[in-house]
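>>> Sequence unavailable; structure follows:
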């Protein structure tokens, strides 16, 4: 079955991300060390998971992290720190532009409201996507089937006509379980090789 839609994960596929940037920035607003912050936020706390699954809203996440980390920070400063973790991957941007005339494009990401609004939506290729599925809106994170099914519904596409790229194998496996072709992204050549193996012209 010919591929008609190409679906991309966001973090470390379209833009690289580094949560340590967030931690280093908020470390300026608390007596806690970087190591303490990393342990508190990403190892012991469920707040990031709750936020990215839509179980809590942005305000609740902000207040929760402020309390957890003993922060003296404004909401505006916090948003800048939290969402300033992305760096464009130019080769993926160029690939998206080249695929757009001939294929439907999807963006499928485990993400939060603020990351979407301030980090994802402003990128130059965002308007090229025909469908966007986000964990905080769907209330399911990859590799759960529901987020992939949401993407298929929005694209109006059978899974066998779609290919998905993610930098985490567990998530690629989730796409395969719903019938998509899927590849683990480990660099730009992964994208090119995966697409070519399915007869996609790049």
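Thanks, I have the structure now. All values reported here derive from a predicted model rather than from experimental measurement.
>>> any chance you could map the helices in this structure?
19-26, 34-38, 47-52, 58-69, 75-83, 90-99, 113-114, 135-138, 145-155, 169-177, 188-197 (DSSP state H).
>>> which stretch among the ones you listed comes nearest residue 128?
Residue 128 lies closest to helix 90-99 among the helices of the chain, at 5.7 Å (C-beta to C-beta). To be clear about C-beta, it is placed using only N, CA and C from the backbone, and glycine gets the same treatment.
>>> what's the average pLDDT for the closest one?
Mean pLDDT, helix 90-99: 98.
>>> Just give the number of residues close to residue 156.
The criterion is other C-beta atoms under 10 Å. On that basis, residue 156 has 10 neighbouring residues.
>>> Residue numbering should commence at 4 henceforth.
Understood, numbering begins at 4; the last thing we discussed is residue 159.
>>> returning to that earlier point: now render the helices of the chain as CSV, adding distance to residue 126 and mean neighbour count.
Formatted as CSV, these follow (distance: least, C-beta to C-beta, whole Å; neighbours: other C-beta atoms under 10 Å):
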stretch, distance to residue 126, mean neighbour count
helix 22-29, 17, 17
helix 37-41, 26, 15
helix 50-55, 19, 19
helix 61-72, 20, 16
helix 78-86, 12, 17
helix 93-102, 8, 16
helix 116-117, 15, 18
helix 138-141, 18, 20
helix 148-158, 18, 19
helix 172-180, 20, 18
helix 191-200, 17, 16
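>>> Nearest to residue 123, out of those?
helix 78-86 (8.9 Å).
>>> quick check: mean pLDDT across that closest one?
98.
>>> which stretch among the helices of the chain comes nearest residue 7?
Among these, the nearest to residue 7 by C-beta to C-beta is helix 148-158 (8.6 Å).
>>> Residue 122 reaches residue 88, doesn't it?
Yes - at 7.0 Å, residue 122 and residue 88 qualify as touching, with contact defined as C-beta atoms under 8 Å.
>>> ok, now which ones touch residue 9?
Applying C-beta atoms under 8 Å, 6 or more residues apart in numbering to residue 9 gives the contacts 102, 106, 107, 108, 109, 165, 166, 168, 198, 203.
>>> How is this protein divided into domains?
Annotated domains of the chain cover 8-19+90-200, 22-86 [automatic domain parsing].
>>> what's the closest non-adjacent residue to the residue at the greatest distance from the centre of the chain?
Each residue of the chain has a distance to the centre, and by C-alpha atoms, centre = their mean the biggest one is for residue 34: 30.5 Å. Using C-beta to C-beta, 6 or more residues apart in numbering and skipping residues adjacent in sequence, the residue nearest residue 34 is residue 73, 6.5 Å away.
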